[in-house]
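Participant: Here is a sequence with its predicted model. Questions after.
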Amino acid sequence: MPAPYEPPRRKRGCFGSMLRMVFLLVLIVGLVLPFTPYAGKIKKGIQDIVASARSTKERVITRDVMRDVIKEVPVVKEVTKEVIREVQPPLPEKYVPRKDIDVATLFNGITVKTKLMTEEGGFASLERLDPEAYKAEFQLSIRVPKANQTLVELSRINKNLPAMLPGLETMLPAGKVSGFYHKLYENKTNRVQNDLTRLNKILDRHNFYDTETILELTHPATQRRALLIQSEMDVVADGSDGDRMPTLDEYIYLSDYYQPFTSYAWAKTTKNANPLLAKWEDRLAKAQEEFSKKGLSSARNRELSVMINQLKVEIGEFKSRSSLIAEKDPFIVISLLFRGYGDQNKFTPQIGDYAAVIHEGKIYPAICGDYGPSFKMGEASLLMAKTVNAKATPYIRPESDLKVTYLIFPGTAEKERSAPNLVKWQEKCQALLGEVGGVGAGFALHVWEDPFKKPEPVTPPVTETTMPAAAGASAGSGAAPTGAPPAGTTPAAGAGSDAATPGVPGTITTPPPAPGSAAGTTTSPLPGPATGPIVLTPVTPPVGEVKGGDGEAKGTAAKKAESGKAKGKKK
């Protein structure tokens, strides 16, 4: 069969191919263009073209018309009114990073330099979960002081020190700055770092720089060791003792920092109850009553349990032991940093060691009576503080500057502790000072008075009346007649009696005056025959001649004593 007829195909022309390709490109661009950044621009351009086309349809024809206008110009009085408007700064359009530095001084004397830096982060709901998003990095700069070591440096604190302790010049060349000094400031910086990290109240500048020096000294001749500390003086009002002081001032034990016990304590010697025992027993009863109730939280139960155990221990101490009384006993407080170093360092002070406290031109004997914080130095009992400065109280320190020198004699504590014996403490401190060169000329160790000594009864001044009994006695000589007892003797009948002296007729003798009394000895006749003139013989400054006669002498020794006192006051 013949093949079917196929009409010949037309060849495509060049123009038709280009037209198809252009159409294909336009189609592709139309499909892709909405997904490109140029779509928005093209759209905006088309909108601008359409808007301009619309605006051309509206035409505004302006013609100038010439008119004659007569204007009346009124007189206007100009009034200016000032209006103050607060203009706020423009609102930020975007996040602005910050890097601010601020410098200020806190109430405790610390200079604070803060640097605030910000950076843009993520969403707030996510950033609040990231601890790194909101943090503080502290850098505290502290200059740790160096210690006084030479006599010149020590004298800068107390100019009287070389004269008061002449042995210092001998001991200082071989002395050294104690490791306790460096340990103290290490404890201080550790404390500051811990408190700063937790944003707690940190040591202020005053309490950080509270110690000028701690020196270990040894006298070359006697080998007596001494620890010299230069510091301030804070006040401690702790301690109680029912044996010596059955009552206690409220303003002391109501202090926020009051403690009824001191580290120096001894066994009770009497049955007198401690003045705080009843108060503690009442606290214990209330705590036990609350603890017995049901429904308390576990936290409160734990708190009450600890409180009850502590109160029981303290009540036992009240019943068995006595402590120093800061108001009555002279003692100093040593830092807890010393405790535990007794076997490692021979200069370690212990509770009970004797000490001399030096302030300005005075030296006070004392003992180490209590422990204080491990990051502080310089504290003494209320009695010592008030003696140094009468204005001192449990809340006001007697000396804020570093002008107090504490000379402690380590290893001198008595083996058995007992109630304070101020006379013994005085003698012991005097002897120890003698072993390190003694006290300089013109200075003396302070003598403490016994605060519990009962005042001695005041004896009224008395006089003795005597009349010469024998002829031949020199008038006005003041000599006792033959057979008369010596002046100032007490009659056999008893003090203050009107009994006649044996062997001396017509004589009344009264008791002698008290020691130190200003009363003199008066002689006067009793009613009866007088054989010579009456003479007044004074022992102290004369009170004048007593003119006597029959019936002029007073009838009793008491009246004579009163008469003598009256004359003395009048003169």
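Facilitator: Structure received.

Participant: what's the helix or strand for residue 231?
Facilitator: For residue 231, the element it lies in under DSSP states H and E is strand 225-236.

Participant: send the alpha carbons of the very next helix or strand once past that strand over as CSV?
Facilitator: Using DSSP H and E, the next helix or strand after strand 225-236 towards the C-terminus is helix 250-253. Only the C-alpha atoms of helix 250-253 are listed here, as CSV (Å, rounded to 0.1, in the frame of the first residue of the first chain):
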residue,chain,number,x,y,z
GLU,A,250,18.5,45.8,133.2
TYR,A,251,20.0,48.2,130.7
ILE,A,252,23.0,45.8,130.5
TYR,A,253,21.4,42.4,130.0
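
Participant: how distant is whichever helix or strand comes after helix 250-253 from the center of its chain?
Facilitator: As assigned by DSSP H and E, the chain's next helix or strand after helix 250-253 is strand 265-267. The chain centre lies 27 Å from the centre of strand 265-267; the measure is CA atoms, centre = their mean, to the nearest Å.

Participant: Name the residues that touch strand 265-267?
Facilitator: 317, 320, 321, 322, 323, 324, 417, 418, 419 (CB atoms under 8 Å, 6 or more residues apart in numbering). Quick note: C-beta positions are derived from backbone N, CA and C, even for glycine.

Participant: got JSON lines for the residues you listed, with pLDDT, secondary structure and distance to residue 402 too?
Facilitator: Shown next, in JSON lines, are the contacts of strand 265-267 (pLDDT from 0 to 100; DSSP: H, G, I helix; E, B strand; the rest coil; distance: CB to CB, whole Å):
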{"residue": "317", "pLDDT": "95", "secondary structure": "helix", "distance to residue 402": "35"}
{"residue": "320", "pLDDT": "95", "secondary structure": "helix", "distance to residue 402": "40"}
{"residue": "321", "pLDDT": "95", "secondary structure": "strand", "distance to residue 402": "35"}
{"residue": "322", "pLDDT": "96", "secondary structure": "strand", "distance to residue 402": "34"}
{"residue": "323", "pLDDT": "96", "secondary structure": "strand", "distance to residue 402": "29"}
{"residue": "324", "pLDDT": "97", "secondary structure": "coil", "distance to residue 402": "25"}
{"residue": "417", "pLDDT": "95", "secondary structure": "coil", "distance to residue 402": "31"}
{"residue": "418", "pLDDT": "95", "secondary structure": "coil", "distance to residue 402": "34"}
{"residue": "419", "pLDDT": "95", "secondary structure": "coil", "distance to residue 402": "33"}
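
Participant: Show the secondary-structure elements that the strand holding residue 231 is packed against.
Facilitator: helix 151-157, strand 211-218, strand 379-381, helix 382-388, strand 399-408 (3 or more CB pairs under 8 Å, 6 or more residues apart in numbering; DSSP states H and E).

Participant: Pull out the buried positions in the helix or strand just after the first one.
Facilitator: Spelled out, it's helix 151-157. As assigned by DSSP H and E, the chain's next helix or strand after helix 151-157 is helix 161-164. By 16 or more other CB atoms under 10 Å, the buried positions in helix 161-164 come out as 161, 164.
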